[in-house]
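Undergrad: mind looking at a prediction? Sequence and model below.
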Amino acid sequence: MHANLWANRGFRHLYAAQIISLVGTGLSTVALTLLAYDLAGGSAAAVLGTAMAFKMVAYVVFAPIVGGLAHHFSRKPFLITMDIARAGIVLTMPFVTQVWQIYALIFLLNLFSAGFKPVFSATIPDVVPDERQYTQALAMSRLAYDLENLLSPLLAGLALLVVTYTGLFVANSAAFIVSAVLIVMTQLPASKLTDRLGGLRQQISFGLVAYLKTPRLRGLLALYLAVSSASAMIIVNTVVYVRGTLGGSAADVALAMAAAGGGSMLVALILPRVLDFLPDRAVMLTGSLVMAVGLAWLGTGPAFEVLLVVWFVIGVGWSLVQTPAGRVVIRSATPGDRPAYFSAQFALSHLCWLIFYPVAGQLGTHIGIEATAWVLAGGVVAFTGLAAMLWPAGGRIPLEHSHSEVDHEHEHSHGEHHDHEHGDGDGEAPHRHPHHHGRVEHTHRFVIDDHHMVWPQSP
């Protein structure tokens, strides 16, 4: 499986683009903290917190809009444009002189990231159509994110020995340009431009509406509430517990964060083989419960050595949930609708983090780390139970359903849902004209799209 995946030239280029962009972004994150300190001094933490809030708002608000309109654009020039725009924005950051400029640039940067990242994710299954290889690609992507979190601070520290933090912004801009060049070099399958029904409002909302109407994706969202609870606990409160409660050092904080990343990376390496034998639903629900166990363990007030094991366990849990998520999304959408679905997934998952970052921070401040861990552990168990209810087992079974009569107009080719006569006899190529659908009952793999906007009720 490894050899076959890496023999795919298109995937190699896209994966390299992802890694380079991630490293560049990681360097820029370090540079941003130094810039904020130069401008705001002791208020730098508040500035960074506000900047990250702007980032999340850009993700949550604009990803569905871009995803809802992405079907009008060819993916390759779209992705290249997003990379070039991000490169230009990052390159202006060294010239910032006021705090409000940081907020504006972070918002703009992540507006374009909200366009790039989901469409990029939706492109991978077209480049790697084999499900087994795609699972490996998801695992490699998870590995890249974890390695970036571990290595970017180290790389930034080494770079700062020879350049100022302005050089880190320049490096990030260059990384986005290299990413764009790699995408230029990638032979992408022709994107299916979808002629979606409805006006602008319906097209923008399509991804979110379709996502929330799909049972397995509603279950996935519940699991992301669990993931965001556990990961927010680690990201927000590790430094408080290690430095404040245990009296540890800054190096101990980094080691604890690395333990969580290590658990996540281990799962990313072995999970493709596990998914050959176990269904996604069972693996992901198990991962969620593993996170609950880790949080409950934290509630006992472990010593530092035990904390490393706890954080490792939580990292294992969140990787068991997040790594297969792309498989769940692509099974729930037609190829032409994937950008809209991935954009909805991107926005809704980041909405979960936008909720639980402040929850974890406020609870940790007011009731203590151990009590917060117990509260969040209970929440994760509840979210896991909700996911199990929303995502019924056996969801891949073809569903019997009916269509009411309807008249409408959109581009289509003749097939299961379009079978009518043409005077010119040309019904094979995509074409557009007003047409009538009679009432029909049939059975096939069901996804929410323009012709299936209501999920069939179980008999």
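TA: Yep, it's here.
Undergrad: so how far is stretch 371-386 off the chain centroid?
TA: 22 Å (CA atoms, centre = their mean, to the nearest Å).
Undergrad: can I get that stretch as CSV, trimmed to CA atoms?
TA: Output of stretch 371-386 as CSV, limited to C-alpha atoms (Å, rounded to 0.1, in the frame of the first residue of the first chain):
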residue,chain,number,x,y,z
ALA,A,371,-12.7,19.5,38.1
THR,A,372,-12.6,20.8,34.5
ALA,A,373,-11.2,17.5,33.3
TRP,A,374,-14.1,15.6,35.0
VAL,A,375,-16.7,18.0,33.5
LEU,A,376,-15.2,17.7,30.0
ALA,A,377,-14.9,13.9,30.4
GLY,A,378,-18.6,13.7,31.1
GLY,A,379,-19.3,15.9,28.1
VAL,A,380,-17.2,13.7,25.8
VAL,A,381,-19.2,10.6,27.0
ALA,A,382,-22.4,12.5,26.2
PHE,A,383,-21.2,13.5,22.8
THR,A,384,-20.1,9.9,22.1
GLY,A,385,-23.6,8.6,23.0
LEU,A,386,-25.2,11.3,20.8
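Undergrad: that one - what's its average pLDDT?
TA: Average pLDDT, stretch 371-386: 97.
Undergrad: list the buried residues for that stretch?
TA: By 16 or more other CB atoms under 10 Å, the buried positions in stretch 371-386 come out as 372, 373, 374, 375, 376, 377, 379, 380, 381, 383, 384, 386. In short, each C-beta sits where N, CA and C put it, glycine included.
Undergrad: identify the residues contacting that stretch?
TA: With contacts defined as CB atoms under 8 Å, 6 or more residues apart in numbering, stretch 371-386 is touched by 219, 222-223, 225-226, 229-230, 233, 237, 285, 288-289, 291-293, 295-296, 298-299, 360, 363-364, 367.
Undergrad: and if we set it to 7 Å?
TA: For stretch 371-386, the surrounding residues in contact (CB atoms under 7 Å, 6 or more residues apart in numbering) are 222-223, 225-226, 229-230, 233, 237, 285, 288-289, 291-292, 295-296, 298-299, 360, 363-364.
Undergrad: kindly report the same for stretch 259-270.
TA: With contact meaning CB under 7 Å, 6+ apart, stretch 259-270 is reached by 139, 142-143, 146, 149-150, 234, 308, 311-316, 318-320, 323.
Undergrad: give me the number of residues near the closest residue to residue 185 other than its chain neighbours?
TA: Leaving out its chain neighbours, the residue that sits closest to residue 185 by CB to CB, 6 or more residues apart in numbering is residue 13, at 5.6 Å. By other CB atoms under 10 Å, 20 other residues sit near residue 13.
Undergrad: could you look up the SS state of residue 13?
TA: Three-state assignment for residue 13 (DSSP: H, G, I helix; E, B strand; the rest coil): helix.
Undergrad: gap between it and residue 184?
TA: The spacing between residue 13 and residue 184, counted by CB to CB, to the nearest Å, is 9 Å.
Undergrad: go on, residue 336?
TA: 23 Å.
Undergrad: just residue 173 next, same as before
TA: According to CB to CB, residue 173 and residue 184 sit 17 Å apart.
Undergrad: give me the more crowded residue out of those two.
TA: Between residue 173 and residue 184, counted using other CB under 10 Å, residue 173 has the larger neighbour count: 22 against 13.
Undergrad: so who does that one touch?
TA: Residue 173 neighbours (CB under 7 Å, 6+ apart): 87, 90, 91.
Undergrad: pretty sure the second one sits against residue 172.
TA: Yes: here residue 90 reaches residue 172: they are 4.8 Å apart, a contact under CB atoms under 7 Å.
Undergrad: list the residues that contact both of those two?
TA: Between them, residue 90 and residue 172 share these contacting residues under CB under 7 Å, 6+ apart: residue 28.
Undergrad: who are the packing partners of the helix or strand hosting residue 224?
TA: Using DSSP states H and E, residue 224 sits in helix 215-239. Helices and strands touching helix 215-239, by 3 or more CB pairs under 7 Å, 6 or more residues apart in numbering; DSSP states H and E, are helix 250-274, helix 280-298, helix 304-322, helix 325-330, helix 338-367, helix 369-390.
Undergrad: so which of these is nearest residue 107?
TA: Closest to residue 107 of those, according to CB to CB: helix 338-367, at 14.0 Å.
Undergrad: what angle sits between that closest one and helix 369-390?
TA: Relative orientation of helix 338-367 versus helix 369-390 (axes from the mean of the first three to the mean of the last three CA atoms, to 10 degrees): 150 degrees.
Undergrad: just how off-centre is helix 338-367 within its chain?
TA: Centroid separation for helix 338-367 versus its chain: 11 Å, with CA atoms, centre = their mean.
Undergrad: buried residues in it?
TA: Buried, per 16+ other CB under 10 Å, within helix 338-367: 338-354, 356-357, 359-361, 363-364.
Undergrad: mind checking the pLDDT average for it?
TA: Averaging pLDDT along helix 338-367 gives 90.
Undergrad: then stretch 229-246?
TA: For stretch 229-246, the mean pLDDT works out to 89.
Undergrad: now that stretch - C-alpha only, PDB.
TA: Below are the C-alpha coordinates for stretch 229-246, written out as PDB (Å, rounded to 0.1, in the frame of the first residue of the first chain):
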ATOM      1  CA  SER A 229     -13.300  19.300  24.200                       C
ATOM      2  CA  ALA A 230     -10.300  17.100  24.700                       C
ATOM      3  CA  SER A 231      -7.900  19.000  22.500                       C
ATOM      4  CA  ALA A 232      -8.900  22.400  23.900                       C
ATOM      5  CA  MET A 233      -8.100  21.000  27.400                       C
ATOM      6  CA  ILE A 234      -4.600  20.100  26.200                       C
ATOM      7  CA  ILE A 235      -3.900  23.200  24.200                       C
ATOM      8  CA  VAL A 236      -5.300  25.700  26.800                       C
ATOM      9  CA  ASN A 237      -4.500  24.100  30.100                       C
ATOM     10  CA  THR A 238      -1.300  22.100  29.700                       C
ATOM     11  CA  VAL A 239       0.800  25.100  30.600                       C
ATOM     12  CA  VAL A 240      -1.400  25.900  33.600                       C
ATOM     13  CA  TYR A 241      -1.300  22.300  35.000                       C
ATOM     14  CA  VAL A 242       2.400  21.700  34.300                       C
ATOM     15  CA  ARG A 243       3.800  25.000  35.400                       C
ATOM     16  CA  GLY A 244       1.200  26.000  38.000                       C
ATOM     17  CA  THR A 245       0.100  22.800  39.600                       C
ATOM     18  CA  LEU A 246       3.100  20.600  39.100                       C
END
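Undergrad: which residues does it contact?
TA: Contact with stretch 229-246 is made by 248, 252-253, 256-257, 260, 291, 294-295, 304, 311, 314, 317-318, 353, 356-357, 359-361, 364, 369, 372-373, 376, 379-380, as judged by CB under 7 Å, 6+ apart.
Undergrad: if anything else comes up later, I'll come back, but that's it for now.
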